[in-house]
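J.: quick check, what structure comes out for this input:
(one chain, ligands or ions: 2)
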Amino acid sequence: MIRKFFGKLFGKNTQPKIIAFKTHRISPARISPAAQKVCETLQEHGFAAYVVGGAVRDLLLGREPKDFDVATGARPEQVRGIFRRSRIIGRRFRLVHVMIGAETIEVSTFRGPSGAADEGVDSAQSSTDEHGRILRDNVFGTVEEDARRRDLTINAMFYDPVRQEVLDYHDGVADIKARRLRMIGDPAQRYREDPIRMVRVVRFAAVCNFEIEPRARKPIRTLANLLQNVPKERVFDEIMKLLLSGNAAEGVRRLRKEGLHHGMLPLLDVILEQPLGERFVMLALANTDKRINEGKTVSPGFLFASLLWHEVLAAWKQAQARGMHLMPALFDAMDQVLQVQSEKLAIPRRFGGDMKEIWALQARFANRTGRRPFQLLEHLKFRAAFDFLLLRCESGELDSEIGEWWEKFSHTDEAARTTMLLKDTASGPTKRRRRRRSRKPGAPEAAESDES
Ligand code: ATP
Ligand code: MG
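T.: Numbers count the residues shown, from 1 in each chain. Ligands and ions are numbered 1, 2, ... in the order given. You can find the predicted model right below:
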C-alpha cells in the first residue's frame, strides 16, 4: 500500500538502480561490436544511447542475444545524420537501421506515454480502440518513460556499454535472479493496450522457465479473447517466435494452460483434446525443439502441417464418408482446414503450399507396388513427407511397419528396392498399363489401391 502510494507520487521521476560491472558481470566481449560502436558514436555526439530490451535480458541470463537493439535520445533524423550507412524505416513507428560492417543495428528513439491510458493525455484525441488497445505509439520521451512503456521488468533494462552500467528502473535484475515475470504497471491494463503482451509473457515463461507473477497471470484467461482484435500478422509473428524458440512443446502447453491458444490456432484446441492428435502435435513440437537446439533449420510449413494434421485427417474421413474419392476428398479436407485457419491466424501463402504438398504426399505412401514408390522417392518434398510419415507412425496413428518399409526402401539400392515391392493385388495388368499412360509425370496419383 505504502509502496503503491510512493510509486504514484514519484511515478514520473523514478530513479533507476545503477548496476555496476562487479554485480552484472556482462563481459564487453559479449556485446556486438556494431552495437558498441553505435552507442559510442551517439554518446560522442552528446546523446544518451543504450543497448536495450531482449539483449540485456539475455546477457544477464548468460544467453547469447539474438540481436542487439539500441535506444537513444537522438531523433531518427539525427541518427540518420550521424551514420552514413543508415536509413529510416517504418512510417508509424520510425526507427533507424544503422549498418556497421555486416551487422545492422536497429536504433529507436526513446518513446513516451501514448494513448488515453496514460495520465495527462487528453482522451479526446484518444489513440486507443474501444477495448483500450493502443493504435498510435509514436510520441518521443525520456529514457525513464521508455522503460515504463515496455512490457516486462526483465525487458526494460538499459545497458551502457561505455560506462559498463545497467540502468534498471523496474527491478528487472532482481526479477531475473528470482526467475520471475513481472509486468510493468497494471497487468490487465497493459494487456488491454496490447493483447500480444499476454502471448509474450507465456512465451518467456516457457523459454526462460520463469514463473509468471500471480497478478500478471490472473487476468490472462479473462482477456484472452482480446487477441481477436490484434492484426493477424502480429499474432502470427509472435506464435512463430514461440514455435521456433527451442521450447515450443512447453510453450504450447503453457498457452493452453493459460487459455490463450484459442485465438491463435483455433483448431489446436480440438486437436489437443483427441489423445492421438495431442500425441502427434507434442511429438512434432518436441522434434522441432530438438532440431533447433541442435542448430538445424526447421520448416514452418512442416510445423504447421503437423499442428493441423489431425484436423485434415478428420475432414478427409468425413469427405470420404460423403462418397468422395480418396484424393479429391483429401484436397477438399486440406482446403477446408486451411480456410478455417486463415480466418484466425494468417498463415502466409508460401507455407500453405508446403503444407498441402506434405499432406497430399501422405496418401501416396500407401502405394507400394509398381513404379509409384520409385516416383515418390524422386519427389522434391519426399524427405519432408517421409519425416511426416515417421511422426504418424511414432504417434501410433499408423503401423510402424509402413515407416520401416519406406526407411529401408529409401536407403537401399535399385535392385533391392525392386524385391521389396508388394504384390499388386487390387489392380490387374490392363488397368495399370492404361493408368500409367494417361498420367503426366509428377502429377498427383489417382485413387490408391491399398490405402492405410
Ligand atoms: P526476443 O529475444 O524474442 O527478440 P525481445 O524481448 O527482444 O525478445 P522484441 O520483439 O525483439 O522482443 O522486442 C524488443 C523489446 O521491445 C522488448 O524487450 C520489450 O522491451 C519491448 N517490447 C516488445 N514488444 C512489446 C510489447 N508488445 N509491449 C511492450 N513492450 C514491448
Ligand atoms: Mg529482440
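J.: from here on, just use CA atoms for contacts and neighbour counts.
T.: Noted.
J.: these two touch, right, residue 55 and residue 67?
T.: Yes. Counting by C-alpha atoms under 8 Å, residue 55 touches residue 67, with 6.5 Å between them.
J.: return the residues of the chain in contact with ligand 1.
T.: For the chain, the contact set with ligand 1 under C-alpha under 6 Å from any ligand atom comprises 53-54, 66, 149-151, 155-156, 194, 196-197.
J.: lowest-confidence entry in those?
T.: Within the residues of the chain next to ligand 1, residue 66 has the lowest pLDDT, namely 90.
J.: isn't that one right up against residue 55?
T.: Yes. Using C-alpha under 8 Å, residue 66 is in contact with residue 55, at 7.2 Å.
J.: quick one: which of the two has more around it?
T.: Comparing residue 66 with residue 55 by other C-alpha atoms under 10 Å, the one with more neighbours is residue 55, at 23 against 9.
J.: could you find the closest non-adjacent residue to that one?
T.: Leaving out its chain neighbours, the residue that sits closest to residue 55 by C-alpha to C-alpha, 6 or more residues apart in numbering is residue 65, at 4.9 Å.
J.: hang on, the one you found in a helix?
T.: No. If the criterion is DSSP: H, G, I helix; E, B strand; the rest coil, then residue 65 is coil and not within a helix.
J.: okay, it: pLDDT?
T.: Reported pLDDT for residue 65: 94.
J.: how about residue 374?
T.: For residue 374, the pLDDT comes out at 94.
J.: can you check the one 4 residues further on too?
T.: According to the model's per-residue confidence, residue 378 sits at a pLDDT of 95.
J.: for it, give me the backbone phi and psi.
T.: Main-chain torsions, residue 378, degrees, to the nearest 10: phi -80, psi -10.
J.: measure it to ligand 1 for me?
T.: Distance, residue 378 to ligand 1, by C-alpha to the nearest ligand atom, to the nearest Å: 38 Å.
J.: could you number the chain from 3 rather than 1 from now on?
T.: OK, 3 is where the count begins now, so the last one is residue 380.
J.: count the residues that sit near that residue.
T.: For residue 380, the count of nearby residues is 11 (other C-alpha under 10 Å).
J.: ok, it - contacts?
T.: Listed by C-alpha atoms under 8 Å, 6 or more residues apart in numbering, residue 380 has no contact partners.
J.: was I right about residue 425 contacting residue 369?
T.: No. Under the criterion of C-alpha under 8 Å, residue 425 is not in contact with residue 369, lying 10.5 Å apart.
J.: more neighbours: the two, which one.
T.: Counted by other C-alpha under 10 Å, residue 425 and residue 369 do not tie: residue 369 has more neighbours, with 21 against 9.
J.: so that one sits against residue 377, correct?
T.: No. Using C-alpha under 8 Å as the test, residue 369 is too far from residue 377 to be in contact (11.0 Å).
J.: for the stretch 353-454 of the chain, which residue gets nearest to ligand 1?
T.: residue 353 (21.5 Å; C-alpha to the nearest ligand atom).
J.: doesn't that residue belong to a helix?
T.: Yes. Under three-state DSSP, residue 353 sits within a helix.
J.: count residues in the vicinity of it, would you?
T.: By the criterion of other C-alpha under 10 Å, residue 353 has 16 neighbours.
J.: residue 383 too?
T.: 14.
J.: same question for the one 5 residues further on.
T.: Other residues within reach of residue 388 by the criterion other C-alpha under 10 Å amount to 21.
J.: same question for the one 3 residues further on.
T.: By the measure other C-alpha under 10 Å, the count of residues near residue 391 is 23.
J.: now the helix or strand harbouring residue 387 - C-alpha only, CSV.
T.: Assessed by DSSP states H and E, residue 387 sits inside helix 384-396. What follows is helix 384-396, C-alpha atoms only, in CSV (Å, rounded to 0.1, in the frame of the first residue of the first chain):
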residue,chain,number,x,y,z
PHE,A,384,9.9,-36.7,-50.4
ARG,A,385,12.2,-36.1,-47.3
ALA,A,386,9.7,-33.8,-45.6
ALA,A,387,6.8,-36.0,-46.4
PHE,A,388,8.7,-39.1,-45.2
ASP,A,389,9.7,-37.4,-41.9
PHE,A,390,6.0,-36.6,-41.5
LEU,A,391,5.1,-40.2,-42.1
LEU,A,392,7.5,-41.3,-39.4
LEU,A,393,5.8,-39.0,-37.0
ARG,A,394,2.5,-40.5,-37.9
CYS,A,395,3.9,-44.0,-37.1
GLU,A,396,5.6,-42.8,-33.9
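J.: ok now that helix, how far from the chain's centre?
T.: 23 Å (C-alpha atoms, centre = their mean, to the nearest Å).
J.: report all helices and strands that that helix contacts.
T.: With contacts defined as 3 or more C-alpha pairs under 8 Å, 6 or more residues apart in numbering; DSSP states H and E, helix 384-396 has these neighbours: helix 277-295, helix 302-323, helix 351-364, helix 402-413.
J.: what is the end-to-end distance of stretch 391-409?
T.: For stretch 391-409, the first-to-last residue distance is 10 Å (C-alpha to C-alpha, to the nearest Å).
J.: the strands in this protein, which residues?
T.: All strands of the chain, identified by DSSP state E, fall at 19-21, 51-54, 71-74, 88-91, 97-102, 105-111, 159-162, 167-170, 182-183, 213-214.
J.: deepest-packed of those, please.
T.: Most buried of these by mean neighbour count (mean count of other C-alpha atoms under 10 Å) is strand 51-54; its value is a mean of 28.
J.: any idea which residue of the stretch 203-352 of the chain lies closest to ligand 1?
T.: In the stretch 203-352 of the chain, the residue that lies nearest ligand 1 is residue 243 (6.4 Å; C-alpha to the nearest ligand atom).
J.: number of nearby residues for that residue?
T.: Using other C-alpha under 10 Å, residue 243 has 14 neighbouring residues.
J.: kindly report the same for residue 306.
T.: Using other C-alpha under 10 Å, residue 306 has 19 neighbouring residues.
J.: do you know the pLDDT at it?
T.: So, for residue 306, pLDDT stands at 90.
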